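> what shape does this take:
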Amino acid sequence: MTGRERGDRRVDHETAVGQGLDKEFLARRFDADRGHLRAVAYRMLGSLSEAEDAVQEAWFKLSRSDVSGVENLSGWLTTVVGRVCLDMLRSRGSRREDPLEYYVPDPVVRVADTTDPEHAAELTESVGLALLVVLDTLGPAERLAFVLHDMFAVSFDEIAKIVDRTPAATRQLASRARRRVQDATPAPGPDARRQREIADAFLAAAHGGDFEGLLAVLDPDVVLRADGGRTLAAVSRVVRGAEAVITQALTYAKFRTGALRVVANGQPAVLSVVEGRPDSLMTFTISGDRIVALHVLADPERIAALGFTEEDLARATY
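Reported below is the predicted structural model:
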């Protein structure tokens with residue numbers, strides 16, 4: 001948002017307050033910022049349902065607050081969502097039962113080659129599942145400092161108020177988080193068409209039992225992370241190395257299922273369809289011309305929540 005746009009919004013707000021239209025104005029303004037706030041919360045939490053809860057909590061706080069003196073309402077809302085997410089992360093850390101090693105963040109999915117990807121784009125621009133996995137390894141304050149500063153350009157002075165530290169200490173939090181993210185995040189991959197070709201080559205080789213074909217598209221240090229949730233806990237695992245991943249791929253390829261080509265967080269993915277129902281989602285992270293990470297979400301509850309329609313599932317090929 002430009003400085004002029006922020007200034008226009010400030011004038012509009014002052015006018016609205018003067019006309020006694022405060023609640024109606026705030027509702028319109030909040031709706032205008034909702035996509036941005038959802039994107040902040042999604043990067044902070046890696047959970048679509050929790051992100052929606054955080055955004056809703058921000059609305060409750062806005063509706064109960066006197067913001068007549070707030071000059072930058074968008075910035076105020078961003079920090080409110082950040083504070084809500086920080087509390088949620090701290091609470092999650094104290095009660096989390098599932099091993100973080102196996103956890104696959106909620107993907108934002110759209111069926112490949114369909115129109116209207118705007119909702120997915122606003123959530124996932126520049127945030128693949130591999131990055132979300134790395135963010136989950138950060139402490140709550142580190143994650144907040146990195147996400148708000150590096151992804152949304154919030155000043156360290158503002159972030160310091162949320163984490164109750166000095167700006168200098170907050171800068172150090174972001175710096176530590178940045179180093180960990182840079183060390184663990186794969187280098188950018190090729191263009192979207194080439195990434196899809198590589199993903200399709202993997203699937204064709206797996207279904208054809210082609211060991212050499214799989215070896216050609218996998219990075220030697222590829223990591224497969226599978227998350228079956230509580231219902232399918234036995235499925236959850238981390239598999240490292242090309243040969244071990246190939247063994248898994250060839251084993252599961254024996255079970256003939258439908259395949260629906262989709263896009264998850266801007267990356268090629270495939271939804272397995274069994275008897276007309278969504279079964280599991282595999283997302284490919286590609287660096288150079290090799291697959292460096294595979295994320296498999298097999299949690300029945302979270303798969304069902306992805307919202308695939310009967311029309312979508314009917315497009316699966318067998």
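
> for Val111, give me the pLDDT.
Note on Val111: pLDDT of 87.

> what of Glu97?
62.

> point to the residue nearest the middle of this structure.
By Cα atoms, centre = their mean, the chain has its centre lying nearest to Gly46, at 5.0 Å.

> the strands in the chain, which residues?
Applying DSSP state E to the chain gives strands spanning 109-111, 218-227, 237-240, 258-264, 267-274, 277-287, 290-297.

> and the fifth one, what does it pack against?
Strand 267-274 sits against helix 192-207, strand 258-264, strand 277-287, with contacts defined as 3 or more Cβ pairs under 8 Å, 6 or more residues apart in numbering; DSSP states H and E. Placement of C-beta: from N, CA and C, glycine included.

> same list (these) but as a markdown table, adding mean pLDDT and mean neighbour count.
As requested, the helices and strands packed on strand 267-274 are exported to a markdown table (pLDDT from 0 to 100; neighbours: other Cβ atoms under 10 Å):
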| stretch | mean pLDDT | mean neighbour count |
| --- | --- | --- |
| helix 192-207 | 95 | 18 |
| strand 258-264 | 94 | 22 |
| strand 277-287 | 96 | 22 |
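
> if we can go back for a sec, show me the contacts for the residue nearest to the centre of the chain.
Listed by Cβ atoms under 8 Å, 6 or more residues apart in numbering, the contact set of Gly46 reads 105-106, 132, 135-136.

> circling back: reformat the helices and strands packed on strand 267-274 as a markdown table; add distance to Glu142.
Putting the helices and strands packed on strand 267-274 into a markdown table (distance: least, Cβ to Cβ, whole Å) gives the following:
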| stretch | distance to Glu142 |
| --- | --- |
| helix 192-207 | 30 |
| strand 258-264 | 26 |
| strand 277-287 | 22 |
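
> what's the closest of those to Ala316?
Ala316 lies closest, by Cβ to Cβ, to one member of the helices and strands packed on strand 267-274: strand 258-264, at 3.3 Å.

> nearest to Val238 among the helices and strands packed on strand 267-274 would be which one?
Among the helices and strands packed on strand 267-274, strand 277-287 comes nearest to Val238, with 14.2 Å by Cβ to Cβ.

> partners of the closest one, with directions?
Paired with strand 277-287 in the same sheet, following DSSP bridges, are strand 267-274 (antiparallel), strand 290-297 (antiparallel).

> now those as CSV including mean neighbour count, mean pLDDT and distance to Ile162?
Listed next are these as CSV, based on neighbours: other Cβ atoms under 10 Å; pLDDT from 0 to 100; distance: least, Cβ to Cβ, whole Å:
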stretch, mean neighbour count, mean pLDDT, distance to Ile162
strand 267-274, 22, 95, 31
strand 290-297, 23, 97, 30
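
> so for Asn72, which of those strands sits nearest?
Checked against Cβ to Cβ, the stretch from the strands paired with strand 277-287 lying closest is strand 267-274, at 33.7 Å.

> skipping adjacent residues, who's closest to Phe30 in space?
Spatial nearest neighbour of Phe30, chain neighbours left out: Trp59 (5.7 Å); criterion: Cβ to Cβ, 6 or more residues apart in numbering.
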